[in-house]
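Novice: Turn this into a structure:
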Amino acid sequence: MSLYYESHGEGPAIVCAHGVGGNHASWFQQVPVLSRAFRVVTFDHRGFGRSEDPDGRGRDAFVDDLRELLDTLEIDEACLIGQSMGGGTAIGFAAKYPKRVRALVIADSLFGLALPPPLQTRFERARAEADVLPQAERVLGAELRASQPDKVHLYASLGSFNRTNRQNLGGSWEPLCSLERLAETKIPILFVVGQEDILVPPALVHDVASLLPGSFVVEIAGAGHSPYFERPVEFNDRVLSFLHAVGLRGAAREVLTNSSGYTEVGEE
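Specialist: Numbering: from 1, shown residues only. Predicted coordinates:
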């Protein structure tokens, strides 16, 4: 089994786990910004992009694949950013290897979590209602679809390099991570969600976060299920601000100023 990855920059590690419609290239709007002060690792989950899935294990292998990747790169501890499906990978990894996770950014995802029955029912209902929609309507907000048809086309094109999609994705997130277990890890958690996300509605994310003491939620206006793609400046700002808040500083001597006015001076 060979897992494709890329590593950019130097400093504390940030590892980005993409969603089912993406691959390592989906992070093209994050890598140039974050790698100015951090080591940013992107990779293709097995069956996506340039990674194969010869035994068809799919999600069953995602967590251990990530562990092997970090071992290969000699990364003892990292901040994990998980988008949608990748959120399940990040949560599963944090539950199994909490000492290797400095912080979690869970973007438009509740995958891999064992939710209380009322919240699980709401999650399943939202996904079922969105399942009948065209892909662009499921994952991108109305504003982007109306104003930037080029980016809508780019989003679809990135996914065309995958052999795996949501219809044939194998494996499962079992065992699911309970909210109690995730809270026990004491890992700082930031939930990011697009205000127009119909797959993972913001109200549901807030309700889940309320059961995880010390976690944070930020909503990104004008974005659907993919704010990292639709609103990259805002997304990157929130990630940088969160890393600063939890004491994770960049290694390069760079000054990163975001649209919210937050400035971080990296340390060597």
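
Novice: so residue 71 is in which element?
Specialist: helix 62-72 (DSSP states H and E).

Novice: Now do that helix: which elements does it pack against?
Specialist: Using 3 or more CB pairs under 8 Å, 6 or more residues apart in numbering; DSSP states H and E as the contact test, the elements touching helix 62-72 are strand 13-17, strand 39-43, helix 85-96. Placement of C-beta: from N, CA and C, glycine included.

Novice: Would you check that residue 166 makes contact with residue 19?
Specialist: No: counting by CB atoms under 8 Å, residue 166 does not reach residue 19; the two are 9.5 Å apart.

Novice: Contacts for whichever helix or strand comes after the helix holding residue 71, please.
Specialist: For helix 62-72, the following helix or strand on the C-terminal side (DSSP H and E) is strand 78-83. Residues outside strand 78-83 that contact it (CB atoms under 8 Å, 6 or more residues apart in numbering): 12-19, 22, 26, 30, 38, 41, 70, 88-91, 93-94, 100-109, 226, 228, 239, 243, 248.

Novice: Neighbours of residue 4, how many?
Specialist: Per other CB atoms under 10 Å, the neighbour tally for residue 4 reads 17.

Novice: Correction: the previous question concerned residue 160.
Specialist: Residue 160: 8 surrounding residues under other CB under 10 Å.

Novice: Need the pLDDT of residue 267.
Specialist: Model confidence at residue 267, given as pLDDT, is 38.

Novice: Sorry, wrong one. I was asking about residue 158.
Specialist: 96.

Novice: For the host helix or strand of it, buried residues please.
Specialist: Using DSSP H and E, residue 158 falls within helix 149-159. For helix 149-159, a neighbour-count test (16 or more other CB atoms under 10 Å) marks 152, 155, 158, 159 as buried.

Novice: What is the nearest of the residues you listed to residue 218?
Specialist: Proximity of the buried residues of helix 149-159 to residue 218 (CB to CB) peaks at residue 155, which lies at 21.9 Å.

Novice: how close does the residue lying closest to residue 106 once chain neighbours are set aside sit to residue 103?
Specialist: Excluding its sequence neighbours, the residue lying closest to residue 106 (CB to CB, 6 or more residues apart in numbering) is residue 87, at 4.6 Å. Using CB to CB, to the nearest Å, residue 87 is found at 14 Å from residue 103.

Novice: Give me the more crowded residue out of those two.
Specialist: residue 87 (27 against 23).

Novice: Make sure the more buried one is actually in contact with residue 94.
Specialist: No: Residue 87 lies out of contact with residue 94 (CB under 8 Å); the separation is 10.4 Å.

Novice: ok now do residue 234, which residues does it touch?
Specialist: Contact partners of residue 234, counting by CB under 8 Å, 6+ apart, are 220, 221, 223, 227, 259.

Novice: Buried subset of those, written for PyMOL?
Specialist: Here is the PyMOL command that selects the buried residues among these (16+ other CB under 10 Å):
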select buried, resi 220+223+227
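
Novice: now the buried residues of helix 149-159 in CSV, with distance to residue 134?
Specialist: Shown next, in CSV, are the buried residues of helix 149-159 (distance: CB to CB, whole Å):
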residue, distance to residue 134
152, 11
155, 12
158, 17
159, 13
